[in-house]
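Visitor: Below is the sequence, then the predicted model.
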Amino acid sequence: GVVRIALGWAAWKMYLGRPEADPYRCDGIDILGRALLSNQRAAEALPVLEANLALKRRYWSHDEENMRVAQGSVASCLARLGRHDEALSLNRKIHARSVTIYGASHEQVILSGVNMVNTLGHLGLFDEMISLTRDQLLPAARRTLGNDDNITLGAKQNLAEALRFNPKCTRDDLLEAETILLDVVRRRRRVFGPAHPNTSNCEALMSDVRIQLARA
């Protein structure tokens, strides 16, 4: 934590006097921004990450992977600051570009879609969250990663949460959410073990869904 931030500041200060496009200078600002973000200092991280993204756009806009990573860091930082509308706008661009570059079934595309889904959830855009997960992300995740992969299981859990929290939620939606979570809990117990935090979280969500069903 503190050590990583100290190393980030040291790297930035060491290379600050070099030309703007110097790779070591650019690495220094990238390291610093990520260190601040990973240590819950999003407000300090944002201007650093935005400066890093501006550099990438100015000198390395042709490097799709570096651009995607830099944009993703800014989107993540915006989300942590509660600026979900801005995060969603950036996540849409990242996901659309990733689909164009890699194809719908690539792992990076699935991950960018999951990031977009999480932002949609924060904004209460449950219909889009459901359709994106059900129609695009889950089929791709099953094909590429398999049904037991943590990303696939997380996408299933996201779908169940969207069905549950959607203001339009019906009893059938709750029954579908319960069915999904039964499958996810079973797989998480087998793959990760009953004591794993992800398993416990999913079990708690399933319990909440059953309480809703009892009241429906």
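Guide: Sure, I can see it.
Visitor: Distance of residue 47 relative to residue 74?
Guide: From residue 47 across to residue 74, the span is 10 Å (Cβ to Cβ, to the nearest Å). In short, each C-beta sits where N, CA and C put it, glycine included.
Visitor: Look at the two and report which has more neighbours.
Guide: More neighbours surround residue 74 than the other of residue 47 and residue 74, with 21 against 12 (other Cβ atoms under 10 Å).
Visitor: Now do the helices in this structure.
Guide: Using DSSP state H, the helices of the chain run over residues 2-15, 23-38, 42-59, 64-80, 84-102, 107-122, 126-132, 138-144, 150-165, 171-191, 197-215.
Visitor: I'd like those helices laid out as TSV, including mean pLDDT.
Guide: Shown next, in TSV, are those (pLDDT from 0 to 100):
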stretch	mean pLDDT
helix 2-15	64
helix 23-38	81
helix 42-59	91
helix 64-80	92
helix 84-102	94
helix 107-122	94
helix 126-132	96
helix 138-144	96
helix 150-165	95
helix 171-191	96
helix 197-215	94
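Visitor: Leaving out sequence neighbours, find the closest residue to the residue most central in space within the chain.
Guide: Nearest residue to the geometric centre of the chain (Cα atoms, centre = their mean): residue 115, 2.9 Å. Nearest residue to residue 115, sequence neighbours excluded (Cβ to Cβ, 6 or more residues apart in numbering): residue 91, at 5.3 Å.
Visitor: residues touching the one you found, list them.
Guide: Residue 91 makes contacts with 75, 112, 115-116, 119, as judged by Cβ atoms under 8 Å, 6 or more residues apart in numbering.
Visitor: Next one: it relative to residue 98, how far apart?
Guide: Distance, residue 91 to residue 98, by Cβ to Cβ: 10 Å.
Visitor: Now the common contact residues for the two.
Guide: By Cβ under 8 Å, 6+ apart, the residues touching both residue 91 and residue 98 are residue 112.
Visitor: ok, residue 88 - contacts?
Guide: By Cβ under 8 Å, 6+ apart, the residues touching residue 88 are 116, 119-120, 123.
Visitor: and with 6 Å instead?
Guide: Residue 88 is in contact with residue 119, counting by Cβ atoms under 6 Å, 6 or more residues apart in numbering.
Visitor: mind starting the numbering at 392 from now?
Guide: Sure thing, new numbering starts at 392, so read that last one as residue 479.
Visitor: Roughly how far does it sit from residue 470?
Guide: According to Cβ to Cβ, residue 479 and residue 470 sit 9 Å apart.
Visitor: circling back: find residues that contact each of residue 438 and residue 465.
Guide: The contact sets of residue 438 and residue 465 do not overlap (Cβ under 6 Å, 6+ apart).
Visitor: wait, doesn't residue 548 sit right on residue 575?
Guide: Yes - using Cβ atoms under 6 Å, residue 548 is in contact with residue 575, at 5.5 Å.
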